[in-house]
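Visitor: no sequence on this one, just coordinates:
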Ligand code: SF4
């Protein structure tokens, strides 16, 4: 990720998101393969942005690494 050269930490907003929450490098060859490979599914994205944020926020908590 060009703006996250050492990787993007969990719970950190991607710096490539624009003001409309769209990927600013979507068509660029610099877009990470992991992003390219992601396919939106109902269990991850729900039926709305709000549902997606709720699901992803829960997953962030459940998978957080504690030191
Ligand atoms: S697709 Fe990848 S690079 Fe683009 S905004 Fe989402 S996480 Fe960032």
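Guide: Okay, I see it. Just so you know, these numbers come straight off a predicted model, no measurement behind them. Numbering: from 1, shown residues only.
Visitor: which bits of this protein sit near the ligand?
Guide: For the chain, the contact set with the ligand under CB under 6 Å from any ligand atom comprises 1, 14, 16-17, 23, 25, 31-32, 35. Where C-beta positions appear, they are placed from N, C-alpha and C, glycine not excepted.
Visitor: 5 Å - rerun?
Guide: Proximity of the chain to the ligand (CB under 5 Å from any ligand atom) is limited to residues 14, 16-17, 23, 35.
Visitor: Which strands or helices does the helix or strand residue 57 falls within pack on?
Guide: Residue 57 is part of helix 49-63, with elements assigned from DSSP states H and E. Counting by 3 or more CB pairs under 8 Å, 6 or more residues apart in numbering; DSSP states H and E, the packing neighbours recorded for helix 49-63 are helix 42-45.
Visitor: Could you give the separation of the helix it packs on from the chain centroid?
Guide: 13 Å (CA atoms, centre = their mean, to the nearest Å).
Visitor: related to what we said a few turns ago, so which of the residues of the chain next to the ligand is the most crowded?
Guide: Compared across these, residue 16 has the highest neighbour count, 20 neighbours, by other CB atoms under 10 Å.
Visitor: residues in contact with the residue sitting nearest the centre point of the chain?
Guide: Nearest residue to the geometric centre of the chain (CA atoms, centre = their mean): residue 14, 6.7 Å. Neighbouring residues of residue 14 by CB atoms under 8 Å, 6 or more residues apart in numbering: 1, 3-4, 8, 23.
Visitor: Specify the local secondary structure of residue 27.
Guide: Assigned state for residue 27: coil (three-state reduction, DSSP: H, G, I helix; E, B strand; the rest coil).
Visitor: burial measure for it, as a count.
Guide: Neighbours of residue 27 using other CB under 10 Å come to 8.
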